[in-house]
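J.: Need coordinates for the following:
(one chain, ligands or ions: 1)
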Amino acid sequence: MRMSRRIENLSPYLFAEISRKIAEKRARGEEVISFAFGDPDMPTPPHIIGRLCQAAQDPANHRYPESEGLPELHQAIAEWYKKRFDISLDADKEVLPLIGSKEGVAHIAWCFIDSGDIALVPDPAYPTYAPNILLAGGKPYYMPLTEENNFLPDLDNIPAHVLEKTKLLWINYPHNPTGAVADIDFFNFVVKFAEQHDIIVCHDGPYSEITFDGYQPVSFMQAEGAKGVGVEFHSLSKSYNMTGWRIGMAVGNATAINALKVLKSNLDSGIPQAIQYAAIEALTGPQDCIQAHNTTYQKRRDLVVDMLNSIGLEAKPPKAGLYIWAKVPKGYTSVEFANALLEEVGVVVTPGVGYGKNGEGYVRLSLTIPDAGLVKGLSRLAGWRGIKKIVW
Ligand SMILES: Cc1ncc(COP(=O)(O)O)c(C=O)c1O
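T.: Below you'll find the predicted structure:
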């Protein structure tokens, strides 16, 4: 059997590889503590599950949904953006529900990228952007995100010959994996840059609700002129512990939203309707669950950051998101360090280089691990090869 070149050239997805290694160890009866995935351990709040169960009982929801989603869900998303960011969206033309935001993040490439087109992709980044640019026949141009630049891309430094072929720009704040944040001045600058070079901006913002110390992220859509140049992807996964239900959204530029809608109508048959009703409940119902989750994550963040620093693994407390971005000890690559932790103390962290070459020198730890496992994992880490003796 001969696969397409498209598939042959595709690397295995970072997290699929990590899952495979974890499963192998567990199958051998070894206990593994995983800081790998940004998959909330706390359950979906009960009022949302209540609405899901109720909707599941209704035979009207047993049939094919419309690919573009229920009008009531479009409306709920528009209302949420108004309440949360004071942004007015046309619920019909500027909103599109997705089967988890990853689905739209992947498919938007097909709407804008032709063979040979360039997309600007942050490095390090969530590992879904670049492979889908490649699948669509385009070329990623990697923008290094470094600590010195506060993990913001230096758009002024992109060569003119690259910009000539650039169709799309990916940005993501609060950022996975570094935990960096962006302010409205940066987003305003991105809009100007996109206008100047005729580029569509795709902002990926699923972590905007996971915030600490009173910090409030802005939406890209709040930037002056954002709707003219871009779309924002968002998700119910992280805000409402709904990763398993697969529901998210794209909002913004009506032409881009329509392109995604047309593409999706040829690809999928929509989001199960009971899940759409659960999402409406999440977006329009009580919001206090978000603060409750954040209180838990903040305690975990402080515990993890303090402990890592105390053993010489430098890490800063992020203002938002689910991740700690920690420096690996001298003498190790991120893969060597992650492998050593897995083999020797059964702790899984993700190697920074898995998010791009500028992720080298770091590992990512997720805060979505129940407190008991978190404490156990941290104490295993502290015991690893007498790590306390590491000198910087
Ligand atoms: C930056 C970023 N974007 C998008 C997603 C996809 O989330 P979902 O498909 O669950 O909405 C994730 C998931 O980890 C992410 O980290």
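J.: contacting residues around Trp80?
T.: Neighbour list for Trp80: Leu283, Thr284 [criterion: CB atoms under 8 Å, 6 or more residues apart in numbering]. Any C-beta I mention is one placed from the backbone N, CA and C, and that applies to glycine too.
J.: How much space separates it from the ligand?
T.: 15 Å (CB to the nearest ligand atom, to the nearest Å).
J.: Is that residue within a helix or a strand, and which one?
T.: Assigned by DSSP states H and E, Trp80 belongs to helix 71-85.
J.: What mean pLDDT does that helix get?
T.: Here helix 71-85 scores 98 as its mean pLDDT.
J.: Just the buried residues of it, please?
T.: Judged by neighbour count (16 or more other CB atoms under 10 Å), helix 71-85 contains these buried residues: Leu73, His74, Gln75, Ala76, Ile77, Ala78, Trp80, Tyr81, Arg84, Phe85.
J.: and of these, the nearest to the ligand?
T.: Among the buried residues of helix 71-85, Ile77 lies closest to the ligand (CB to the nearest ligand atom), at 13.3 Å.
J.: before we move on, back to that, and the helix holding Trp80, how far from the chain's centre?
T.: 21 Å (CA atoms, centre = their mean, to the nearest Å).
J.: Off-centre distance for the following helix or strand past that helix?
T.: In the C-terminal direction, the helix or strand that comes right after helix 71-85 (DSSP H and E) is strand 95-98. The chain centroid and the centroid of strand 95-98 are separated by 16 Å, computed with CA atoms, centre = their mean.
J.: do the same with stretch 80-100
T.: 18 Å.
J.: what's the span of that stretch, first residue to last?
T.: 17 Å (CA to CA, to the nearest Å).
J.: Kindly report the same for stretch 325-342.
T.: 18 Å.
J.: buried stuff in that stretch?
T.: Buried, per 16+ other CB under 10 Å, within stretch 325-342: 325-329, 332, 334-335, 337-338, 340-342.
J.: Now do the strands in the protein.
T.: Under the criterion DSSP state E, strands of the chain are mapped to 33-34, 95-98, 118-123, 139-144, 166-171, 200-204, 230-235, 248-252, 323-327, 347-348, 350-351, 362-366.
J.: Columns mean pLDDT and distance to the ligand on top of these, output as TSV?
T.: Supplementary listing: the strands of the chain in TSV, determined by pLDDT from 0 to 100; distance: least, CB to the nearest ligand atom, whole Å:
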stretch	mean pLDDT	distance to the ligand
strand 33-34	94	14
strand 95-98	98	7
strand 118-123	98	10
strand 139-144	98	15
strand 166-171	98	10
strand 200-204	98	5
strand 230-235	98	3
strand 248-252	98	4
strand 323-327	97	9
strand 347-348	94	16
strand 350-351	95	11
strand 362-366	97	9
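J.: In CSV: those, plus distance to Glu17.
T.: Listed next are those as CSV, based on distance: least, CB to CB, whole Å:
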stretch, distance to Glu17
strand 33-34, 13
strand 95-98, 25
strand 118-123, 19
strand 139-144, 20
strand 166-171, 22
strand 200-204, 22
strand 230-235, 23
strand 248-252, 24
strand 323-327, 18
strand 347-348, 11
strand 350-351, 10
strand 362-366, 14
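J.: Neighbours of Gly252, how many?
T.: Number of residues near Gly252 (other CB atoms under 10 Å) recorded here: 28.
J.: Same question for Val181.
T.: Around Val181 there are 22 residues (other CB under 10 Å).
J.: Same question for Ser115.
T.: Applying other CB under 10 Å, we find 8 residues neighbouring Ser115.
J.: residues contacting it?
T.: Counted by CB under 8 Å, 6+ apart, Ser115 has contacts Gly137, Gly138.
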